[in-house]
Structures are given as structure tokens and as C-alpha cells.
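Participant: any chance you can model this:
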Amino acid sequence: MGGDFAPASEVAGAIDALRQRKNEFEVILVGREQEIRAQLQRHDTEGLSCSVVNAEEVITMDDPPTAALKQKKNSSLAVGMQLHKDGKAEAFASVGNTGAVLSASTLILGRVNGVSRPTIAAFFPSEEGVCLVVDAGTNVDCRARHLYEFAVMGSLYAKKIFKYENPKVGLLNIGEEKKKGTEVVQEAYALLERSHLNFIGNVEGRDILKGKAQVVVCDGFVGNVVLKFGESVPSFLKTKLKQYASGSLLRTLLIGAARGSLRAALRDMDYEEFGGIPVLGVNGVSIIGHGSSSPKAIKNMIFKAAEVAQSHLNTYIEEEMAMELKPVAPATPAE
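Facilitator: Okay, the predicted model is just below:
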């Protein structure tokens, strides 16, 4: 109920998801029942596996995350997350207040064994497929161990969800040299070298879209800057194309002829195609969508939640976190 177009977009997206996947799963709509049922009446829901659970309170975008969870215990977010915690739902998905979803995921679901800080990953298109940037805004101040954990969780997500056999993991830095970056980043580099991951060393910002690595690791401050910059690219390109075409019939015709190809290229950068981003490291499946998500984005967010639930990702995360790091390589004696 916290999205910009709630509950209309959520209801429409849920119905589209159920129809497209032919009732492969059930969707529980949590929120103000009267409003949700009013929206359901606008659609043909006959034969669809959809139910409603009432929750009268709403956590808005302006509410402080942790305080709102304590004060609004009958919010759609709190009630829905508790349904997941109690095993009445196999996954939870929400749009709206990202901080509140993160807080609820951690406080209600708890952390996976071995994970000290849950994280979120953002998806970027690349020349080689999809690149995960993790952390994308959850943890601003990180220690080296946290960056290592992000790498483990991101690598497993890339393997289980995007089907990369042995995903390459890069550490986002200001240069490729091993000794570049802050002390924390250098310590993280040393940990990742001892890990069982396919660690390729430092990568730079330009390497994200090139696809040099399938997983790029950084703290949440840097990751969120990268994410917000990436979100601005499609609209910027569209604006520049309009400016280029204005005042010239020939340019307008040329761009019009290439419209289909341009639309297909920009689709890979459209958040609606990915639907939502996962909260990694919590004891459950929690997907966060954009506050202004359309029915299409909601539909794809539901698909993503179902896919992650079926992957048993957390089992693999717990196993990987329990593995010991490789011993430190002995220093090469000076000649």
C-alpha cells in the first residue's frame, strides 16, 4: 500500500502475473481490504489464485523506517512480512519506503547465519549480460568483512538466478592496482583473494557496463551513487535524441526509422524489466520495487520473488559463509 499508485498498480500487476504464469503460484494482497477489493472488481479474477489480507495502516515514503514499524504494527508491510515469517507465504514483495522494507526484512525475518549485514543488489545491463552491483545503498559505512559478505551473496545470486556458471567478482575501486583505494577496500581485496569466489581483482566504474565482472562489490554510499546515475541514463538519452531531431526533418525520419532498435536497447536499462531488487542475507525472500512501479514492474517483481523462493538461495549463502577462507599465501622472499 506504500507505492505511488497503490493499490491499483499492485492489483493489476498481480492479476497480470497470475494470468501470464497460469496460476503457477498464489498471490496474497495485503492492505486495506475495502480498497483492494474495489480494485479487484475492475478486473476479471475468475479462477485466479488471489486472496486478500486486511491491514489498515500504511507506512508512507515520509515515515522514518524503524519508528514506523514500531508505531504501525498493523501496516501492510508489517503484516505481510509477518505472514512470510510465519510460513504462510514463501516470499514478500513491496514497493514504497525502501528503508522500511529493509528494516522489516532484518527485524522480522532475521539474518542468515554467518551474515552480519544484509544488503541489496542492483542490476545493470552490460555488454556481456547482467551485472550486479552490491551494496546498492543499504550500508554506507562498511568494514572489509562486510564487503566480502556482499561478494559472496552477490556471486550466489548471479549463479542461482542469472545462471552464471562461475560469476566473476570485481571490487569497485579508483584503479585496477591492488594497492589502490581506501584501507577498507585494500583489506577487502585481501579477503576476496583468499575466498572461494572467482575474484578478478579491482574494477573501475567504466567496467560495469563493459561486463568485465558479473558482480561488482562496493559500499552502499558508492553503490547508490552508481545506481542513481544509471537510472538517469535512459531519460537523458531520450532527451538528447529529441534535441537532435528537433528542427530537422531528415534527423526526425532517421530516428523514427531506428525507433524500434533504440527502444529495445533502452529496455535493458528499464527498471520495469527487472521489477525489483532483492534484500540478500535475511531469513526469507524480500524484494523491493520502485515507489512509482507500474503494473508491469509489479508483475516482474512477483516473478522475481517466486524465482528467488524456488532457488533456495539462502541455503547456499549459509553454506558459503561457513566455509573457511584459504590460508594467506606466504610472502615471496626478497632476493
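
Participant: please, where are all the helices along the stretch 51-200 of the chain?
Facilitator: 65-71, 76-85, 98-104, 144-160, 183-193 (DSSP state H, counting those that start in this stretch).

Participant: hmm, who's touching the third one?
Facilitator: It stands for helix 98-104. Contacts with helix 98-104, where a contact means Cβ atoms under 8 Å, 6 or more residues apart in numbering, come from 2, 59, 63-66, 68-69, 77-78, 81, 94, 118, 120, 137-138, 279, 286, 288. C-beta: built from backbone N, CA, C; applies to glycine.

Participant: can you redo the helices of the stretch 51-200 of the chain as a markdown table with distance to V30 and mean neighbour count?
Facilitator: Listed next are the helices of the stretch 51-200 of the chain as a markdown table, based on distance: least, Cβ to Cβ, whole Å; neighbours: other Cβ atoms under 10 Å:
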| stretch | distance to V30 | mean neighbour count |
| --- | --- | --- |
| helix 65-71 | 15 | 16 |
| helix 76-85 | 4 | 22 |
| helix 98-104 | 12 | 24 |
| helix 144-160 | 25 | 24 |
| helix 183-193 | 38 | 18 |
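
Participant: okay, these in CSV with distance to V215 next?
Facilitator: Output for these, formatted as CSV (distance: least, Cβ to Cβ, whole Å):
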stretch, distance to V215
helix 65-71, 27
helix 76-85, 26
helix 98-104, 20
helix 144-160, 4
helix 183-193, 11
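
Participant: and of those helices, who's closest to L254?
Facilitator: Nearest to L254, of all these, is helix 144-160, at 37.9 Å by Cβ to Cβ.

Participant: quick one: average confidence on the closest one?
Facilitator: The pLDDT scores in helix 144-160 average 97.

Participant: by how many degrees do that helix and helix 183-193 diverge?
Facilitator: Interaxial angle of helix 144-160 relative to helix 183-193 (axes from the mean of the first three to the mean of the last three Cα atoms, to 10 degrees): 50 degrees.

Participant: which elements pack onto helix 144-160?
Facilitator: Using 3 or more Cβ pairs under 8 Å, 6 or more residues apart in numbering; DSSP states H and E, the elements in contact with helix 144-160 are strand 119-126, strand 129-134, strand 168-172, helix 183-193, strand 215-217, strand 276-280, helix 313-322.

Participant: okay then, goodbye and thanks.
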